[in-house]
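Chemist: Build me a model from this:
(one chain, ligands or ions: 1)
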Amino acid sequence: ALTIGIVGLPNVGKSTLFNALTRQTIVAANYPFATIEPNVGVVNLPDERLDRLAEIFSSERILPATVSFVDIAGIVKGASEGEGLGNQFLANIREAHAIAQVVRVFEDDNVVHVEGSVNPSSDMETINTELILADMETLENAVPKLEKQVKGKKAEQAQLDAYLEAQKVLERGDSIVSSIESDKLEMEHLKHLGLLTAKPFIYVFNADDSVLGSAQKRRELAELVAPAEAVFLDAKLESDIVELSEEEAREMLELNGQEESGLDQLARVGFDTLGLQTYLTAGPKEARAWTINKGDTAPEAAGVIHTDFQKGFIKAEIVSFADLDAAGTMNDAKAAGKVRMEGKEYVMKDGDVVEFRFNV
Ligand code: GDP
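Modeler: Model (predicted):
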C-alpha cells in the first residue's frame, strides 16, 4: 500500500499527531482487507459523494478510500551520519512514497524545543539538510560502483550522467524533487536509489490559535514551502476530537475557526500528493471508493477490486458522479443518456461510478 512517512525534529508533536491518526484507524478498521500494524495509521479519506451514493442505492454501509501514514521517529542533527538510531530511521523513510514533515509553530513554555526556540524555517532547514546529506551518502556509495559497471559495459553512461547530475543538485543544497524540471533530472535512472529528497513532500504545521486564526501567518508559512503543500493543524486538538462524536467534533472545530479537521485535510493533501484518485461503486450492500493512479485505464481500475476482474475485463458501465447525482437514480441517468459503455482503452476519471462486466 502507498504510505506517507512522518518526520520532524523531536518534540514537535509527531507522536501526538500519530496518536490521533491511529485512533482514527480503529474507526477505519472495519475496512475488510486492512491489516493494522502498530506503526501505521490508516485514515479515511472524507468523501461526501459516498453519502449521496448510499442514499441513491440504499447501501448498508460506506467504505471510503484510505491513506496510510507511517510513524518514523524524530530526526536530530547528525542523523545522516548514523548517530544513535539515525540511520535506521532514515531507512524506514526510504520505504515511504511521500514524506510529511511536522513543523512546530506552537508556543508552549512547558514544551522544550530541541534547538532552544520555536523557529520553523531553521527547523525545516535542519531536517532537509539531514535528508540531503543522507542522499549524498547514497550517491557517494553508488557512483563508484556504477563507474566500474560502465567501464565493463554492464551499465549505461546515461545512468552515470544522471547520478552525477543528482549529486550536483544535492551539493548545492537543493532537493531532488525541487530540481527535476530545472535540472532535467532523468528520474528513470534515479528511481531505484530510493533517494529521500526525491519523494513528494508535505509540510504539516503544528500550530496554535495565533496561527490557525491568522490567514496572513498561514499564507506566509505556505509561501515558505511552496510549491510543496502545507497543512495547518493543532495536533493536540486533533487528538482530542477523535474521541468525540461527529457532531461534537464539528462544533469544536468551528469554535477553533476550522471547517474540517486537520486529519481530514492531511488525508486529502496526502492523497493528492501521492498522485491518486478514486472511482466509486455502489449497490445495496455498500457504497465504496477505490483507489487508483491518475491515468489508469478501466481494466487497471477493475484489477484493484480483483485481479480476475482485470483479466476477464469486457467493458465498464460508467456514469459520472455529477450526472448520477443530478439524475437521482440509475434508471433516470440511463434515460437521460448519461450512462456509457466503455472499453479497455478508457482512461478513468475521478468520481466515475462504475459497474464492470467481465468473464470469469
Ligand atoms: P514528538 O517528539 O515530535 O513526537 O512530540 P510529541 O507529540 O511527543 O509532543 C511533545 C510535547 O508537545 C508533548 O508534551 C505534547 O503534549 C506537546 N504538544 C504536541 N502538540 C502540541 C500542540 O499542538 N500544542 C501544544 N501546546 N503542545 C503540543
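
Chemist: Look at the residue in the chain sticking out farthest from the centre and report its pLDDT.
Modeler: Centroid-distance maximum for the chain: G152 at 40.5 Å, with C-alpha atoms, centre = their mean. In this model, G152 is scored at 94, pLDDT.

Chemist: repeat for V27
Modeler: For V27, the predicted pLDDT is 52.

Chemist: Then the one 5 residues further on?
Modeler: On the pLDDT scale, P32 is placed at 42.

Chemist: thinking again about what came up before, can you tell me how far the residue farthest from the centre of the chain is from K145?
Modeler: 11 Å (C-beta to C-beta, to the nearest Å). Any C-beta I mention is one placed from the backbone N, CA and C, and that applies to glycine too.

Chemist: And the helices in the stretch 51-200 of the chain?
Modeler: Per DSSP state H, counting those that start in this stretch, the stretch 51-200 of the chain carries helices over the ranges 86-94, 120-151, 157-171, 187-190.

Chemist: Output those in TSV, with distance to K311 appended to each entry.
Modeler: Listed next are those as TSV, based on distance: least, C-beta to C-beta, whole Å:
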stretch	distance to K311
helix 86-94	33
helix 120-151	38
helix 157-171	34
helix 187-190	28
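
Chemist: For the chain, name the helix or strand with the lowest mean pLDDT.
Modeler: Least confident helix or strand of the chain, by mean pLDDT, DSSP states H and E, is helix 86-94 with a mean of 69.

Chemist: need the least confident one among the helices of the stretch 51-200 of the chain, by mean pLDDT.
Modeler: Here the helices of the stretch 51-200 of the chain differ in mean pLDDT, and the lowest is helix 86-94 at a mean of 69.

Chemist: ok, how many other residues are close to Q157?
Modeler: As a burial measure, Q157 scores 10 neighbours (other C-beta atoms under 10 Å).

Chemist: and it, what does it touch?
Modeler: Contacts here follow C-beta atoms under 8 Å, 6 or more residues apart in numbering; on that basis Q157 touches V150.

Chemist: Tell me the residue of the stretch 251-360 of the chain that sits nearest the ligand?
Modeler: G262 (9.8 Å; C-beta to the nearest ligand atom).

Chemist: close enough to count as contact, Q149 and E156?
Modeler: No - the pair Q149 and E156 does not pass the contact test of C-beta atoms under 8 Å, sitting 9.0 Å apart.

Chemist: What residues does this structure have near the ligand?
Modeler: Applying C-beta under 6 Å from any ligand atom, we find that the chain lies next to the ligand at 8, 10-16, 74, 106, 108, 111, 206, 208, 234-236.

Chemist: Of those residues, which belong to helices?
Modeler: Per DSSP state H, helices hold the following members of the residues of the chain next to the ligand: K14, S15, T16, A235, K236.

Chemist: which residues does the spatially most central residue of the chain contact?
Modeler: Geometric centre of the chain, nearest residue: G270, 2.8 Å, by C-alpha atoms, centre = their mean. Listed by C-beta under 8 Å, 6+ apart, the contact partners of G270 are I4, V67, F69, A98, A100, I202.

Chemist: how about these in TSV, adding pLDDT and neighbour count?
Modeler: Converted to TSV, those look like this (pLDDT from 0 to 100; neighbours: other C-beta atoms under 10 Å):
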residue	pLDDT	neighbour count
I4	91	25
V67	89	28
F69	89	27
A98	92	22
A100	94	26
I202	96	22
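
Chemist: and P200, what is it in contact with?
Modeler: H97, A98, I99, V177, A228, T273, L274, G275.

Chemist: if you set the cut-off to 6 Å instead, what comes out?
Modeler: A98, T273 (C-beta atoms under 6 Å, 6 or more residues apart in numbering).

Chemist: Format the CA atom coordinates belonging to stretch 340-351 as CSV.
Modeler: Extracted in CSV, the C-alpha atoms of stretch 340-351 (Å, rounded to 0.1, in the frame of the first residue of the first chain):
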residue,chain,number,x,y,z
ARG,A,340,-21.8,5.0,-21.1
MET,A,341,-20.3,1.7,-22.0
GLU,A,342,-16.5,2.0,-22.0
GLY,A,343,-13.9,-0.4,-23.3
LYS,A,344,-10.3,-1.4,-22.5
GLU,A,345,-8.8,1.9,-23.6
TYR,A,346,-10.9,4.1,-21.4
VAL,A,347,-8.9,6.3,-19.0
MET,A,348,-10.7,6.6,-15.7
LYS,A,349,-11.8,9.9,-14.3
ASP,A,350,-12.1,10.8,-10.6
GLY,A,351,-15.7,10.2,-9.4
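
Chemist: Which positions in it come out as buried?
Modeler: If you call a residue buried by 16 or more other C-beta atoms under 10 Å, then stretch 340-351 has these buried ones: E342, Y346, M348, G351.

Chemist: can I assume the second one is in contact with A298?
Modeler: So the one you mean is Y346. Yes - contact between Y346 and A298 holds when scored by C-beta atoms under 6 Å: they sit 4.3 Å apart.

Chemist: Without its sequence neighbours, what residue ends up closest to G351?
Modeler: Spatially, and ignoring its direct neighbours in sequence, G351 is nearest to F321 (4.0 Å; C-beta to C-beta, 6 or more residues apart in numbering).

Chemist: Give me the phi and psi angles of the one you found.
Modeler: The phi/psi pair for F321 (degrees, to the nearest 10) reads phi -60, psi -40.

Chemist: Spell out the residue ranges of the strands in the stretch 251-360 of the chain.
Modeler: Counting by DSSP state E, counting those that start in this stretch, the segments of the stretch 251-360 of the chain that form strands are 276-282, 286-293, 313-320, 340-342, 352-358.

Chemist: Indicate each strand paired with the third one and its parallel or antiparallel sense.
Modeler: Partner strands for strand 313-320, per DSSP bridges, with pairing direction: strand 340-342 (antiparallel), strand 352-358 (antiparallel).
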